[in-house]
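K.L.:
return a 3D structure for these sequence lines:
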Amino acid sequence: MLYEWPKNFQKTIIFMQIDELPPLRDVISKYNLEAKRSLGQNFLHDLNLTSKIALLNGSIKNSTILEIGAGPGALTRGLLASGAKKVIAIERDKRCIPALMDIANYYDGKLEILERDALKFDLNEIKDFGSLKIISNLPYNIGTELLVKWLTPVTWPPKWEDMTLMFQKEVAERIVAIPSTKAYGRLSVLAQWRCNTNIRMTVSPDAFRPKPKVQSAVISIKALNTPKFYANQAILENLVKAGFNQRRKMIRSSLKSFDVNINNHLLSVNLKPTLRAENLTISDWCKLAEHIEKNKQLN
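P.N.:
Modelled structure (predicted):
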């Protein structure tokens, strides 16, 4: 069930003690952790919320969790208190490392801290992880880029089983959007082609410091063993990118840069060249990509 925090969220919160570490406000004060816009930071403050996020996709007791942008550790603590086997926290802001070290010392042996740029981190660096889940309050400025990276590995199924990710609500709505809607686009196709996606929770700006100007949403993304429809990944990715880069144009025009014979390809798979990218279902995109692949093989 979709859960939305009330508008008077900040006033109605009852803070939950999930461990014996200091409250987040004290940690932030102790280490002078003012969030930086340049790093896309908006720190969560409520451990009730982080514990709820930790368990949205079920038990994590036998799982290794990858967390991006751990900050002062609100979600990190929620994950560890909820029984995660191990948490690998990636944080590029060196100011946050001492606060995370306090958590690592408290949860002896269960937290690994990597002071790294998440965009340059390869999931293959994680060894002997068992069940891998990605659970993160993603930095706003790199969230979409990270998601595309995780959705487009060289091999499928991916190393991760499922992801519980917080985005700006507008981005989350694009991920789950259906065809012929304004939000439907490249992210929708890449995510839904071989994953099940749904928005599980909306979060008020009052849950963060500093308070963002937009609502956020937590989305669940579960990897399927096989794609819903066959398609060559590279062709599909580039085809969809070309189509939605000029989404207001008819596909016979927007896809011409991808293949000069696009009109013939469209007619061969019973797609009207006058449609726009947002009108094509995921099945349509895959069918078109498959036809283009076969045509190239014949030539």
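K.L.:
in the stretch 51-200 of the chain, which spans are helices?
P.N.:
Assigned by DSSP state H, counting those that start in this stretch, the helices in the stretch 51-200 of the chain fall at 74-81, 97-106, 143-151, 169-176, 186-193.
K.L.:
quick one, which of those helices is nearest to Asp122?
P.N.:
Of all the helices of the stretch 51-200 of the chain, helix 143-151 sits nearest to Asp122, with 9.6 Å by C-beta to C-beta. The C-beta positions use only the backbone N, C-alpha and C, and glycine is treated the same way.
K.L.:
just the mean pLDDT for the closest one, thanks.
P.N.:
The pLDDT scores in helix 143-151 average 97.
K.L.:
gap between that helix and the chain center?
P.N.:
The gap between where helix 143-151 is centred and where its chain is centred comes out at 6 Å by C-alpha atoms, centre = their mean, to the nearest Å.
K.L.:
touching it from outside, list them.
P.N.:
Applying C-beta atoms under 8 Å, 6 or more residues apart in numbering, the contact partners of helix 143-151 are 40, 68, 118-119, 123, 134, 138, 158, 160, 163, 165, 167-168, 171, 175, 187, 190-191, 195.
K.L.:
make a ChimeraX selection of the buried ones in these.
P.N.:
Selecting only the buried entries of those in ChimeraX, with 16 or more other C-beta atoms under 10 Å as the criterion:
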select :68,118,134,138,158,160,163,165,167,168,171,175,187,190,191,195
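K.L.:
mind listing which of the contacts of helix 143-151 are in strands?
P.N.:
Ile68, Ile134, Met163, Leu165, Phe167, Gln168, Cys195 (DSSP state E).
K.L.:
now do Leu190 against Lys52, distance only.
P.N.:
Per C-beta to C-beta, to the nearest Å, Leu190 is found 27 Å from Lys52.
K.L.:
repeat that for Glu290.
P.N.:
The gap separating Glu290 from Lys52 is 41 Å, by C-beta to C-beta.
K.L.:
go on, Ile113?
P.N.:
Remark: distance between Ile113 and Lys52 (C-beta to C-beta) = 24 Å.
K.L.:
circling back to that earlier point, most tightly surrounded among the helices of the stretch 51-200 of the chain?
P.N.:
Of all the helices of the stretch 51-200 of the chain, helix 74-81 has the most neighbours on average by mean count of other C-beta atoms under 10 Å, namely a mean of 26.
K.L.:
can you spell out which helices and strands pack onto that one?
P.N.:
When contacts are defined as 3 or more C-beta pairs under 8 Å, 6 or more residues apart in numbering; DSSP states H and E, helix 74-81 sits against strand 43-44, helix 47-54, strand 63-68, strand 86-90, helix 97-106, strand 131-137.
K.L.:
rebuild the ones you listed as CSV, extending it with mean pLDDT and distance to Arg200.
P.N.:
Converted to CSV, the helices and strands packed on helix 74-81 look like this (pLDDT from 0 to 100; distance: least, C-beta to C-beta, whole Å):
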stretch, mean pLDDT, distance to Arg200
strand 43-44, 88, 16
helix 47-54, 92, 9
strand 63-68, 97, 17
strand 86-90, 98, 20
helix 97-106, 98, 25
strand 131-137, 96, 12
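K.L.:
would you list these in JSON lines and tack on distance to Gln215?
P.N.:
Output for the helices and strands packed on helix 74-81, formatted as JSON lines (distance: least, C-beta to C-beta, whole Å):
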{"stretch": "strand 43-44", "distance to Gln215": "14"}
{"stretch": "helix 47-54", "distance to Gln215": "14"}
{"stretch": "strand 63-68", "distance to Gln215": "20"}
{"stretch": "strand 86-90", "distance to Gln215": "25"}
{"stretch": "helix 97-106", "distance to Gln215": "27"}
{"stretch": "strand 131-137", "distance to Gln215": "14"}
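K.L.:
closest one to Arg209 among the ones you listed?
P.N.:
Per C-beta to C-beta, nearest to Arg209 of those: strand 43-44, 5.2 Å.
K.L.:
what lines up beside that closest one in the sheet?
P.N.:
Note on strand 43-44: by DSSP bridges, its sheet partners are strand 208-209 (antiparallel).
K.L.:
helix or strand right after the strand it pairs with?
P.N.:
Per DSSP states H and E, the first helix or strand lying C-terminal to strand 208-209 is strand 216-223.
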